[in-house]
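# pasted the sequence and its predicted model underneath.
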Amino acid sequence: MNKRLLKRHKRQVARAKEHVKLSEPDLRTPEQIKAARDASRATQGPGQGPSAQGSATSFRNRAVTGTGSAAKTGSE
């Protein structure tokens, strides 16, 4: 049984060596890297950034008061 496991391990190692991916070096200049970082920072998702919290609360307040007052005015 030990021989069988050893053979299996050797086959697995040989197959793994065939599928090794080598990473490629980053050939960009420092200026290009900095520009890419700045561009990725500019596209922040929801909930990130300084103005996201204030805009969400003001949006909620406007939606609630606007809908409620419009419904009351329309029914009278």
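Received the coordinates, thanks. Numbering: from 1, shown residues only.
# use CA for all of it now, contacts and neighbours both
Fine.
# next up, identify which helix or strand Ala35 is on.
Taking DSSP states H and E as the criterion, Ala35 maps to helix 30-42.
# with Arg28 instead?
Going by DSSP H and E, Arg28 is not in any helix or strand.
# quick check, pLDDT for Ala16.
Note on Ala16: pLDDT of 94.
# how far away is it from Ser40?
Going from Ala16 to Ser40 by Cα to Cα, to the nearest Å gives 35 Å.
# quick one, phi psi at Lys21?
For Lys21, the backbone dihedrals (degrees, to the nearest 10) come out as phi -100, psi 130.
# count the neighbours of it for me.
Using other Cα atoms under 10 Å, Lys21 has 7 other residues around it.
# now do the contacts for it.
Contacts of Lys21 were listed using Cα atoms under 8 Å, 6 or more residues apart in numbering, and none were found.
# give me the element Ala16 is part of.
Counting by DSSP H and E, the element that carries Ala16 is helix 2-18.
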